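Peer 1: heads up, no residue letters with this:
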């Protein structure tokens, strides 16, 4: 009797990835890892031109093509056109990673509507429009595809001072699930990756290696590394994840189990003693 084997869905989607916000941090780590795995990579950046040039060099070092565009997702209707431009330059799009994001640190009662809208434009409107552009191309191509939206533990857990950020990330989670249902007939999967605290410029840690035992309130007691998040994204972009859609993959070192707001306030590991 032959042993049973798991069904494997043949990947026919283009080996071309488009990533927003890949001049540093999670986006850069993802771009380089996908290039290492055989993808040509188009990516965007907002203001760090030197960082974008470095990402492009590292993609090229793996023998893959890199295409770069600057965009500003505070005007997402215009900025999302970069998806089509990059796809045209590289010859398609099989994987879209909506990674670009911004945050806030002001209480709701002190926030202007303009600040609220600015965060939602980048963190929610931008992924909507970029996903729409990429998905239309994937549907026309008829070979399936992957859309991966980088959210945060705050797609589920609140944080004081981060009203628009949490609203956008929570909205992106449900938007991704709706899109997963709507695109399933076309062989396109849609998932979110929800990082905890990652050592990146966005968290004030300019690509510093995460130091062990620096976060006493966190189960793994350290921030994450951008490459750890990139590995999760690359998995969801791979044929191995062909039966995963509408899911949220938390890459947070179990921070969510503690409650991110409270865990960050703990100054000793005494909670481990029960």
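Peer 2: Yes, it's here. Everything quoted here is computed from the prediction, not taken from an experiment.

Peer 1: strands of the stretch 101-250 of the chain, residue ranges please.
Peer 2: Here the stretch 101-250 of the chain has its strands, by DSSP state E, counting those that start in this stretch, at 145-150, 188-195, 248-251.

Peer 1: out of these, deepest packed?
Peer 2: Most buried of the strands of the stretch 101-250 of the chain by mean neighbour count (mean count of other C-beta atoms under 10 Å) is strand 145-150; its value is a mean of 28. Any C-beta I mention is one placed from the backbone N, CA and C, and that applies to glycine too.

Peer 1: report all helices and strands that that one contacts.
Peer 2: For strand 145-150, the packing partners by 3 or more C-beta pairs under 8 Å, 6 or more residues apart in numbering; DSSP states H and E come out as strand 95-98, helix 126-141, helix 163-183, strand 188-195, helix 226-236.

Peer 1: that older thread, can you put the strands of the stretch 101-250 of the chain in CSV and add distance to residue 229?
Peer 2: Listed next are those as CSV, based on distance: least, C-beta to C-beta, whole Å:
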stretch, distance to residue 229
strand 145-150, 8
strand 188-195, 5
strand 248-251, 5
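
Peer 1: mind checking those for the one nearest to residue 172?
Peer 2: Among the strands of the stretch 101-250 of the chain, strand 145-150 comes nearest to residue 172, with 5.4 Å by C-beta to C-beta.

Peer 1: can you give me the angle that closest one makes with helix 126-141?
Peer 2: Interaxial angle of strand 145-150 relative to helix 126-141 (axes from the mean of the first three to the mean of the last three C-alpha atoms, to 10 degrees): 170 degrees.

Peer 1: how far away from the center of its chain is strand 145-150?
Peer 2: From the chain centre to the centre of strand 145-150 is a distance of 8 Å (C-alpha atoms, centre = their mean, to the nearest Å).

Peer 1: ok, stretch 164-173 next?
Peer 2: Remark: stretch 164-173 is offset 13 Å from the chain centroid, using C-alpha atoms, centre = their mean.

Peer 1: before we move on, back to that, need the strands of the stretch 101-250 of the chain in TSV with distance to residue 74 and mean pLDDT, can you?
Peer 2: Shown next, in TSV, are those (distance: least, C-beta to C-beta, whole Å; pLDDT from 0 to 100):
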stretch	distance to residue 74	mean pLDDT
strand 145-150	18	98
strand 188-195	22	98
strand 248-251	26	97
